[in-house]
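In: need a 3D model of the following:
(2 chains)
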Amino acid sequence: MSTLRTLDVSELPDSVLDSRSLVWWGTIVMTVVEGMVFAISIGGYFYLRMLASAWPPPRIGPPALGVATVNLGILLVSALPAWLLDRAGRARDARKVKILLGVNLAFGTAFLVLRYWEFKALHCMWNQSAYASIQWTILGLHTSNLLTSLLETLIVLIYALIRPLEDHHYLDARLDGVFWYFIVISWIPLYVVVFLVPRLG
Amino acid sequence: MSSPARTDPRESERPTAASEKECAELAHTWRERTGTLGLLFSVDHKTIAKRYIVTAFVFFLLGGLEAAAMRLQLARPEGRFLNPDLYDQVFTMHGTTMMFFFAVPVMLGIGLYLVPLMVGTRNVPFPRLNAVGYWFYLAGGLLLYGTFFANRGPDAGWFAYVPLSGNAYSSGHGMDAWVQIINFTEVSALIVAGSLIVTAFKQRAPGMSLDRIPLFVWAILVTMIMIVFAMPAVIFAAGSLNSDRSLGTHFFNPAEGGDALLWQHAFWFFGHPEVYIIFLPALGMVSSILSAACRRPIFGYTAMVLALVATAFLGFGLWVHHMFAVGLPQMGEAFFTAASMMIAIPTGVQFFCWIATLWGSRPRFEPPLVFVLGFFFTFLIGGLTGVMLASVPVDLQVHDTYFVVAHFHYVLIGGALFPLFGGIYHWFPKVTGRLLNRTLGFWNFALLFVGFNLTFFPMHELGFHGMPRRIYTYGPDKGWNGLNLAASIGAAILGVAVLLFLINVVHSLRHGARAGDDPWGAESLEWATSSPPPVYNFARIPIVASRSPLWDPEGLGAVTGLPTDKRLLLVSDPLDAEPSHREEVPGPSVNPFLISVTMSLGLIGSVFWLWWAVIGAVASAPMAFLWYWTEEDR
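Out: Predicted structure coming up:
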């Protein structure tokens, strides 16, 4: 045995609030999984569309665009408070984090409420045809991600209102924002698939 | 090498050793709960991993008993041991058990045990989530065998083709349960994948840059990334089948615009990579065993890594070769034939690298190596029949015959089970501190090898003679009698081999020779700590300077200044493993168990009444809240 190399890590920080952290990586892996579920569903959608003589079936007709487009607008706007939340978390600003978690929750809830009419705008129930089934599935999958994100926001918010925040809570607030970006970004292609592609005939 | 049981001379001067006081403090900080109830709190990766491995072997025995029942039934023409209905359940249970409850989880378990040790860290990044993975796996297994013992087991084959698996032909709850069982295993695999991907990228010891990761860790990393991309397909498939069965959707109903082949595409887009998810970790084990046995690094490290990555990529482009008989466009068939044959290239590269490693070395003949040699032989046959089956005309001739059964057992048993047994002989001393018995090990191998080949080689011939898969019996005039009897005798020998293995494990746990830290003189970091490793893995996080750190003439370095009073992990840069910060991970908690119970109740309940899924989700919300609330409680 010759010289033993050592490395002193006593000066390294005990937490970081950015993409170096383990939880950040975990969140990214989760969004990749969810993104892949969406991708496979879109694959299933176009597979069924390829086989169909008419898409949608004439007795169902294309979905209405009104509510869905308004809702898309709400979701796009909601990326702004998510971004502000992300920044407030990084700055360890407890007051802003609490306010913006609340704002995020409000946006998410508004989007969720309008989602009800988005389902209605499909003009079909899931059990009417394969077209209806895949439409409901894609909308439902996105809604389940939405519910998960809302629950996460709610939990972090209640915690923040009651207990003092530590570094990893700020990181959680940031990641809440990051997951919301995923909800927003994934909805853009899904909106096209669910609401626009059926209008191509 | 003299007696492998001697104490390693490095032990006293181990650079990663720390003072007794430090070790005691680490042991206190990282301690697990004691007592029976404490079992529900475990978060140590080694504990969870051992549970995966032991549970997987229980399922292996159950799956083996099902195989034995089938061989008993088919030993003679017009057998009466199983009735047709039970036979359908038994082969479905055998496939489902072996794929979803043995092969994948045992690989997950071994990866979960070894990867943190091999990269030199103290635990996985999300220990509580990791515990959920195991509970889900267990719940899925209990559901599977619950339905089977109630004689309502799934009976549409492990790949559950529609329309057979649809309501019209499988009306009972068996298939509903099967779908949820698949969901349980998906979740558990995804959780382990997330844990190990982050471990391998972010928690490596200083100095372990990407090009110094042990090949086993590479194999696991690539496998986990495959899980991330493959599992979503079966989530989609199982979800669609579930909703077709219980909500009246029409994904697979041609009358309403659905299509039965959509199931096959979605299932095999997952199912083919699944084979590689089982097989790639086994390749990693082969590399670890060979380099230890030959006492030299594996030849062609870069080529080996690229071969693993290439196999993973190609593995996603093969799924249609399971569907050659359904009538596809010729262009598509040609593409998937080419892709299927191409996979032989990276596999061949690895074979040649292993041979080059063996070449001119004087390998130590211990049981692990012998299993690897058995792997070379059997897997080669499986690989060659794979190339045959990739050709559409051949595939059409032998599709759904025993030739295919022979092929995939050569691939899975030859390609995964032989290395797995080798791996168990190799790492058992690390996990338990004791060596498995050598003589029994050789007998174990010999009987496994003979029994396996006697069981499955005749099946190639049976396939050529037209014996279809999944028939519960056959007439005496078919000309299949002799070969079937041979296969059944082989299965009995296989059973004895497995029995010997069990005896060896049970005996060696108490009476095996003491192993010491590094009985094989191997090179990777798991051998740098005691056997079994302490709960905190390493008293000091090691620093490595090469691909074979324990063979490094300079020896290991050690990290200092990592506080021992908190559960801190050293987090590093994904490329060159430069430490960036320290991160605290949560300790023992009952929350993972509680949320697994509420979610499992939802999934299992939904087999019988759909609203249970909602009840389960609603009941889990407060559990999630509780989890977050108590994350501080270390």
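
In: the strands in chain A, which residues?
Out: A:6-8 (DSSP state E).

In: again with the stretch 401-550 of chain B
Out: B:542-543 (DSSP state E, counting those that start in this stretch).

In: spell out which parts of it neighbour chain A.
Out: Contact residues (CB under 8 Å from any CB of the partner chain) of the stretch 401-550 of chain B with chain A: B:543, B:545. Backbone N, C-alpha and C define where each C-beta goes, glycine included.

In: just the closest residue of the stretch 401-550 of chain B to chain A, please.
Out: Using CB to the nearest CB, residue B:543 is the residue of the stretch 401-550 of chain B that sits closest to chain A, at 5.5 Å.

In: which stretches of the chain have low pLDDT?
Out: Just so you know, I chose chain A. Along chain A, segments meeting pLDDT under 70 span A:1-4.

In: wait, I meant chain B there
Out: For chain B (pLDDT under 70), the answer is B:1-15, B:633-634.

In: need the single longest helix in it, by residues.
Out: Identified as the longest helix of chain B according to DSSP state H is helix B:260-294.

In: the following helix or strand past that one close to chain A?
Out: Next helix or strand after helix B:260-294 toward the C-terminus (DSSP states H and E): helix B:301-315. No: for helix B:301-315, no contact with chain A is found by CB under 8 Å from any CB; the gap never falls below 14.5 Å.

In: longest helix anywhere in chain A?
Out: In chain A, with assignment by DSSP H, the single longest helix is helix A:130-162.

In: got a list of what the residue sitting nearest the centre point of chain A touches?
Out: What sits nearest the mean C-alpha location of chain A, by CA atoms, centre = their mean, is residue A:183, with 1.9 Å. Listed by CB atoms under 8 Å, 6 or more residues apart in numbering or on different chains, the contact partners of residue A:183 are A:75, A:142, A:145, A:146, A:149.

In: what's the closest of these to residue B:273?
Out: residue A:145 (23.6 Å; CB to CB).

In: give me the distance between the closest one and residue A:192.
Out: With the distance defined as CB to CB, to the nearest Å, residue A:145 ends up 17 Å from residue A:192.

In: higher neighbour count, those two?
Out: residue A:145 (21 against 12; other CB atoms under 10 Å in any protein chain shown).

In: follow-up on the earlier one: helix B:260-294 and the longest helix of chain A, what's the angle between them?
Out: Orientation of helix A:130-162 against helix B:260-294 (axes from the mean of the first three to the mean of the last three CA atoms, to 10 degrees) gives an angle of 60 degrees.

In: quick one: helix A:130-162 near chain B?
Out: Yes: Helix A:130-162 reaches chain B (CB under 8 Å from any CB) through A:130, A:131, A:132, A:133, A:134, A:136, A:137, A:151, A:155, A:156, A:158, A:159.

In: check contacts around the closest residue to residue B:103 other than its chain neighbours.
Out: Excluding the flanking residues, the one nearest residue B:103 by CB to CB, 6 or more residues apart in numbering or on different chains is residue B:278, at 4.4 Å. Residue B:278 makes contact with B:99, B:103, B:104, B:107, B:412, B:415, B:416 under the criterion CB under 8 Å, 6+ apart.

In: show the contacting residues for residue B:403.
Out: For residue B:403, the residues meeting the contact criterion (CB under 8 Å, 6+ apart) are B:385, B:389, B:459, B:460, B:462, B:463, B:464.

In: burial measure for the third one, as a count.
Out: If I follow you right, that is residue B:459. Residue B:459 has 25 neighbouring residues, counting by other CB under 10 Å.

In: do the same with the fourth one
Out: Number of residues near residue B:460 (other CB under 10 Å) recorded here: 22.

In: quick one: contacts for the residue nearest to it when sequence neighbours are not counted?
Out: Distance criterion CB to CB, 6+ apart; nearest residue to residue B:460, sequence neighbours excluded, is residue B:406 at 4.5 Å. With contact taken as CB under 8 Å, 6+ apart, residue B:406 is in contact with B:385, B:456, B:457, B:459, B:460, B:462, B:463.

In: and residue B:406, how far from residue B:452?
Out: 11 Å.

In: picking that back up, distance to residue B:171 added to the contacts of residue A:183, as JSON lines?
Out: Listed next are those as JSON lines, based on distance: CB to CB, whole Å:
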{"residue": "A:75", "distance to residue B:171": "42"}
{"residue": "A:142", "distance to residue B:171": "32"}
{"residue": "A:145", "distance to residue B:171": "33"}
{"residue": "A:146", "distance to residue B:171": "35"}
{"residue": "A:149", "distance to residue B:171": "38"}
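
In: got TSV for the contacts of residue B:278, with distance to residue B:333 and neighbour count too?
Out: What follows is the contacts of residue B:278, written out as TSV (distance: CB to CB, whole Å; neighbours: other CB atoms under 10 Å in any protein chain shown):
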residue	distance to residue B:333	neighbour count
B:99	26	20
B:103	28	27
B:104	29	24
B:107	31	29
B:412	25	19
B:415	25	28
B:416	28	25
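
In: can I assume residue B:581 sits in a strand?
Out: Yes: judged by DSSP: H, G, I helix; E, B strand; the rest coil, residue B:581 forms part of a strand.

In: who does it form a beta bridge with?
Out: Beta-bridge pairing for residue B:581 (DSSP bridges): residue B:571.

In: distance of it from residue B:29?
Out: For residue B:581, the distance to residue B:29 equals 18 Å [CB to CB].

In: and if you look at residue A:190?
Out: 46 Å.
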